[in-house]
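Undergrad: take this sequence and fold it.
(one chain, ligands or ions: 1)
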Amino acid sequence: MLEKIEKVLKEAGDWKAKNSEEIEKFRLSFLSKKGRLNELFDDFKNVPNEKKREIGQELNKLKAKLEERFAELQQSKSNSAGLDIEKPDVFLPEINGSLGSLHPLTLVRKRITEIFARMGFSSEDGPEIESDWYNFTALNFAENHPAREMQDTFFVSKGKEQKDDMILRTHTSNVQVRLMEAKKPPLRSIMIGRVYRNEAISARAHCQFHQVEGLYIDKNVSFKDLKDTLLHFSKEMFGKDTKIRLRPSYFPFTEPSAEIDISCFICKGEGCNICKKTGWVEIAGSGMVDPNVLINSGIDPEEYTGFAFGMGIERIAMLKYDINDIRLFFDNDVRFLNQFQGA
Ligand code: PHE
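TA: Numbering: from 1, shown residues only. Sure, this is the predicted structure:
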């Protein structure tokens, strides 16, 4: 019996355990119900009475030593710094070192926000699910105005009157009215966000895209301010040699209205596929805020004037990074996204 005890003790002392599985094996072999220790305690019944005292003491010592050894093995699983070596070491350098990158639309959004912030424009936000009032009626779209049709609206629910219909906003101009209602002039803000139009998805068009709206309302704001603001923006965004040109246009909420083109920075006006050989590419709609819109928003048009503009963020990103398919922005293919590392 004493020999057996000696043998178990030696085996336990030599036991190596590198992980929890092996430590558990130790516990099962020595300390569990069916383990070696219990086996010995069972044998104890057969020990002659005169030896019981001596062997009993040895068995109790063995029990204590096995428990001690078990605790020791558990301890050694942690290294000297006290970290569990089985858990990942968060301080180790990563293996391939590749970082994610910002989405090209995020990059362009950030750049636009930065450029306008330096001209004193704050950033504002508005709802994507919007009433007809803010998206159309308050912006001077008459009830059956054909311009409503042109916006390919997604309808959410019908209201009592047309102005109460709920829709997905077709442009960011809805935030103009909300902003003018909420704050007193002077106002100088941009509003960036997602807009929706019921258009067939193709390389050139999508049913969801992003716009940036700009609004400046104060005393004596003139058309020249609009032109200078957009010229400065275009130079900052596309390069200092960029020129702009204004073409007369129509929007119900601005009067006069103009489409803004920039000189093609790819062919420098020579004519290429991007500018369809014209030397110019369209980037924005704009104009002086119509007095009716000011009145609808609670601002006196006799006292204040203002300009507004709106442009597509995807369009700017496509021009800036020479991207030829708008669907790429929403596919999230990492081969596409990886190209903007460090951009
Ligand atoms: N909301 C117009 C559009 O989506 C753009 C625009 C904004 C035009 C502000 C003039 C003034 O096409």
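Undergrad: contacting residues around stretch 34-43?
TA: With C-beta atoms under 8 Å, 6 or more residues apart in numbering as the test, stretch 34-43 has contacts from 1, 4-5, 8, 27-32, 59, 62-63, 66. For glycine as for every other residue, the C-beta is placed from the backbone atoms N, C-alpha and C.
Undergrad: and which of those is nearest to the ligand?
TA: Each of those was scored against the ligand by C-beta to the nearest ligand atom, and residue 27 proved nearest at 71.0 Å.
Undergrad: hang on, the closest one in a helix?
TA: Yes: applying DSSP: H, G, I helix; E, B strand; the rest coil, one finds residue 27 inside a helix.
Undergrad: list the contacts of the closest residue to it other than its chain neighbours.
TA: Excluding its sequence neighbours, the residue lying closest to residue 27 (C-beta to C-beta, 6 or more residues apart in numbering) is residue 70, at 6.1 Å. Residues near residue 70 by C-beta under 8 Å, 6+ apart: 23, 26, 27, 30, 31.
Undergrad: so, low pLDDT: which residues of the protein?
TA: Low-confidence segments of the chain, defined by pLDDT under 70: 77-87, 97.
Undergrad: where along the stretch 51-200 of the chain do the strands fall?
TA: 122-124, 129-131, 155-157, 166-168, 187-196 (DSSP state E, counting those that start in this stretch).
Undergrad: which of the residues in the last one are buried?
TA: By that I understand strand 187-196. Buried positions in strand 187-196, judged by neighbour count with 16 or more other C-beta atoms under 10 Å: 187, 188, 189, 190, 191, 192, 193, 195, 196.
Undergrad: list the contacts of the fifth one.
TA: It stands for residue 191. Residues in contact with residue 191, defined by C-beta under 8 Å, 6+ apart, are 123, 124, 125, 126, 172, 175, 176, 179, 212, 213, 214, 215.
Undergrad: try it again at 10 Å.
TA: Counting by C-beta atoms under 10 Å, 6 or more residues apart in numbering, residue 191 touches 121-126, 172-176, 178-179, 211-215, 310.
Undergrad: now, which of those residues lie within helices?
TA: Of the positions in those, 174, 175, 176, 178, 179 sit in helices, assigned by DSSP state H.
Undergrad: the last one touches residue 186, doesn't it?
TA: Meaning residue 179. No: Residue 179 lies out of contact with residue 186 (C-beta atoms under 10 Å); the separation is 11.9 Å.
Undergrad: what about the strands in the stretch 201-343 of the chain?
TA: Under DSSP E, counting those that start in this stretch, the stretch 201-343 of the chain gives strands at 208-218, 244-251, 254-263, 280-289, 305-312.
Undergrad: how about the ones you listed in a markdown table, adding distance to the ligand and mean neighbour count?
TA: Output for the strands of the stretch 201-343 of the chain, formatted as a markdown table (distance: least, C-beta to the nearest ligand atom, whole Å; neighbours: other C-beta atoms under 10 Å):
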| stretch | distance to the ligand | mean neighbour count |
| --- | --- | --- |
| strand 208-218 | 6 | 21 |
| strand 244-251 | 4 | 15 |
| strand 254-263 | 5 | 20 |
| strand 280-289 | 3 | 22 |
| strand 305-312 | 3 | 23 |
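Undergrad: out of those strands, which comes closest to residue 105?
TA: strand 208-218 (6.2 Å; C-beta to C-beta).
Undergrad: quick one: that closest one to strand 305-312, angle?
TA: In terms of direction (axes from the mean of the first three to the mean of the last three C-alpha atoms, to 10 degrees), strand 208-218 departs from strand 305-312 by 160 degrees.
Undergrad: can you give me the helices in the stretch 1-150 of the chain?
TA: Counting by DSSP state H, counting those that start in this stretch, one finds helices in the stretch 1-150 of the chain at the ranges 2-14, 20-26, 36-43, 49-76, 104-118, 132-135, 146-150.
Undergrad: now residue 274. Nearest residue, chain neighbours left out?
TA: Distances taken as C-beta to C-beta, 6+ apart place residue 266 nearest to residue 274, at 5.1 Å, with adjacent residues excluded.
Undergrad: that neighbour and the ligand, how far apart?
TA: Using C-beta to the nearest ligand atom, to the nearest Å, one gets 24 Å for the distance from residue 266 to the ligand.
Undergrad: that concludes my questions; thank you for your assistance.
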